[in-house]
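Novice: Got a predicted model here, sequence first, then my questions.
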Protein chains: 2
Amino acid sequence: MKFGAIDAGGKRFICGITDENGNTLEKTSFLTETPDKTIPLVLDFFKDKEISALGIGCFGPLDLNPDSETYGFITSSPKKPWRNYNIVGTFKEKLGVPVFLDTNINAGLLGETTWGAAKNVKNAIYLTIGNGIGGAAIVENKLIHGLIHPEMGHIFVNRHPRDKFTGNCPFHGGNCLEGMASGPAIEKRWNLPLEKLSSDHPAWHLEAYYIAHAIVNYILVLSPEKIILGGDVMKYKQLFPIIRKSVINLLNGYLQNKFIFNDIENYIVAPDLGENSGFFGAATLCIKNFKQK
Amino acid sequence: MKFGAIDAGGKRFICGITDENGNTLEKTSFLTETPDKTIPLVLDFFKDKEISALGIGCFGPLDLNPDSETYGFITSSPKKPWRNYNIVGTFKEKLGVPVFLDTNINAGLLGETTWGAAKNVKNAIYLTIGNGIGGAAIVENKLIHGLIHPEMGHIFVNRHPRDKFTGNCPFHGGNCLEGMASGPAIEKRWNLPLEKLSSDHPAWHLEAYYIAHAIVNYILVLSPEKIILGGDVMKYKQLFPIIRKSVINLLNGYLQNKFIFNDIENYIVAPDLGENSGFFGAATLCIKNFKQK
């Protein structure tokens, strides 16, 4: 039996086929452009693959309420061509198989809790900092969905007093984390692509400032046992020690806990599955839901 | 069978006796001063009451890890005389009954989910704004505890551009919500007690500014179906409409959801149990845990 999985991110649609144990049989990717350009390529990849079901982890916000008329739609995404796009409906109709959807970031955490860095943990956060910023959390082993689903990347952040960048979130300008700290925000602020920023460039300290502030807020709200930081921006590993130190400084002695204060290297970590968390999570979502059906 | 319950808040210890269905048989309160002054009065109230167990909802941070050497202690509280106070140990030893502890704010939400405003809801937030600011949340019907427990009142807030108040959180000064928006913070900023501030005083708009920013952050992280705002500050009901309007403005069209945008009067609400949420929650905590033992 074969299953399809898509990790639909801001830059790429990673598409693949797995067996029923989640072993990857085939994998490819397509650039995230407009639905008109990207979706036909994705459909073409899956047709004739004889998959029994498809799991999709997609950038949000999404309508995940099964009772809603717009269930399975991308809703108010900053990516305008994708707003109000019926992603579940399209794949269901064109491929004729059950389609299971969650946010790409929820899928990423599902991957990490099943096979990766959060394997034995009941309360964890997974944050990806890339083209956008997304966050997922499990509380007592359950992914938070709630009324809609978390959109952690859009929380307010305190502007650094010397940072004059106006921000680039179409909804919240420079008021939210994504507007100030996504990959494109960094590139726009410094007018350089990420790979041209030297490892001691002040960009990284400023980036760590915003990420650390957000992490402290997430800790104070969710009290996680593990924080996983992934995404293209976090490939610049120099960020990790600066973020860890800054989180400890910002907590300023509040929340006495040896896991945070004595073992922060194992508290704030990179994803074990690297770039594959979302893809493995989409496969898990698909296989788990198909078996429960 | 009789049970004891304590809602230990920043201003008062509300102490009472209930039957096994949670009906109150007797209730009183004592000022929260130092442990040396307050605890003997509380012990005196409970002795000879023949209670089978005691439930305590207490201000935090608390050590709630049963495996910890300091389980049942108040840890890094801004209330200095209470730091490192063994509240569970004291009552267990002096009253000789099982003692069940959670944060007073978790107890408050437990009260509201059992009998009050969050009765039929799986994902909710309860925030009290009083002497301090505390927050609790349920995710899929489970109270968040995680590594420690939430301390939502201490999240970072953006200072209002015209607000010069330096804040009064001993840990985070004017950087956190409690430092800028607790009852004492309002009184210190305007140099007036709350009851002397007229209902159209600018204090309330500024207060709503901070609370609304925090609520938007909580929504983006937890995606709740209901937000309950309690505590002494929220008794000034003029805050509710300003907060609701501000939350909608701050979301700025992000997170399309009819419950938030069309029915905010039923989305951001006062506690149904008023000042009694914490006491009823402490009783629930006690009765539920005693029966499970």
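Specialist: All right, it came through fine. Everything numeric here is computed off the predicted structure, so don't read it as measured data.
Novice: Spell out which parts of the stretch 1-150 of chain A neighbour chain B.
Specialist: A:61, A:63, A:75-76, A:122-123, A:135, A:137, A:139-140, A:142, A:144-150 (Cβ under 8 Å from any Cβ of the partner chain). Using the backbone N, CA and C atoms, a C-beta is placed for each residue, glycine as well.
Novice: Can you tell me who A:G134 pairs with across the strands?
Specialist: A:T128 (DSSP bridges).
Novice: what sits against it?
Specialist: Neighbouring residues of A:G134 by Cβ atoms under 8 Å, 6 or more residues apart in numbering or on different chains: A:F59, A:G60, A:T103, A:N104, A:I105, A:L127, A:T128, A:E151, A:M152, A:G153.
Novice: min pLDDT across those residues, which one?
Specialist: Among the contacts of A:G134, A:G60 carries the lowest pLDDT, at 81.
Novice: Can I take it that that residue is in a helix?
Specialist: No. If the criterion is DSSP: H, G, I helix; E, B strand; the rest coil, then A:G60 is coil and not within a helix.
Novice: how many neighbours does the residue nearest to A:H172 when sequence neighbours are not counted have?
Specialist: Nearest non-adjacent residue to A:H172, counting by Cβ to Cβ, 6 or more residues apart in numbering or on different chains: A:G179, 5.5 Å away. Neighbours of A:G179 under the rule other Cβ atoms under 10 Å in any protein chain shown: 26.
Novice: can you pull the contacts of A:G179?
Specialist: So A:G179 contacts A:G167, A:N168, A:C169, A:H172, A:G173, A:A185 (Cβ under 8 Å, 6+ apart).
Novice: So which of those residues wins on neighbours?
Specialist: Comparing these by number of neighbours (other Cβ under 10 Å), A:A185 comes first, having 25 neighbours.
Novice: Hmm, A:G173 and it touching each other?
Specialist: No. A:A185 is beyond contact range of A:G173, at 10.7 Å (criterion: Cβ atoms under 8 Å).
Novice: Name the residues contacting each of those two.
Specialist: Jointly contacting A:A185 and A:G173 under the rule Cβ under 8 Å, 6+ apart are A:G167, A:G179.
Novice: would A:F13 count as being in a strand?
Specialist: Yes. According to three-state DSSP, A:F13 belongs to a strand.
Novice: Give me the neighbour count for the closest residue to A:E50 other than its chain neighbours.
Specialist: Among residues not flanking A:E50 along the chain, A:K2 sits closest, at 5.9 Å (Cβ to Cβ, 6+ apart). Close neighbours of A:K2, defined as other Cβ under 10 Å, add up to 14.
Novice: tell me the contacts of A:K2?
Specialist: The neighbours of A:K2, taking Cβ under 8 Å, 6+ apart as the test, are A:I17, A:T18, A:D19, A:L25, A:K49, A:E50, A:I51, A:S52.
Novice: Which ones among these lie within strands?
Specialist: A:I17, A:T18, A:D19, A:L25, A:I51, A:S52 (DSSP state E).
Novice: of those residues, buried ones?
Specialist: Buried by 16 or more other Cβ atoms under 10 Å in any protein chain shown: A:I17, A:T18, A:I51, out of those.
Novice: Out of these, the closest to chain B would be?
Specialist: The closest of those to chain B turns out to be A:T18 (Cβ to the nearest Cβ; 27.5 Å).
Novice: so that closest one makes contact with A:L285?
Specialist: No. Contact criterion Cβ under 8 Å: A:T18 and A:L285 do not qualify, at 11.4 Å.
Novice: where do the contact lists of those two overlap?
Specialist: Common neighbours of A:T18 and A:L285 (criterion: Cβ under 8 Å, 6+ apart): A:A5.
Novice: Now the closest residue to A:H160 other than its chain neighbours: which helix or strand?
Specialist: Among residues not flanking A:H160 along the chain, A:Y209 sits closest, at 5.4 Å (Cβ to Cβ, 6+ apart). Assigned by DSSP states H and E, A:Y209 belongs to helix A:202-222.
Novice: quick one: least confident helix or strand in chain A?
Specialist: Ranking every helix and strand in chain A by mean pLDDT, DSSP states H and E puts helix A:258-261 at the bottom, with a mean of 69.
Novice: Show the average pLDDT along whatever helix or strand comes next after it.
Specialist: Scanning forward in sequence from helix A:258-261 by DSSP H and E, the next helix or strand is strand A:268-269. Mean pLDDT, strand A:268-269: 97.
Novice: In the stretch 151-293 of chain A, mark out all the helices, start to finish.
Specialist: Assigned by DSSP state H, counting those that start in this stretch, the stretch 151-293 of chain A shows helices spanning A:177-181, A:183-190, A:202-222, A:239-251, A:258-261, A:277-292.
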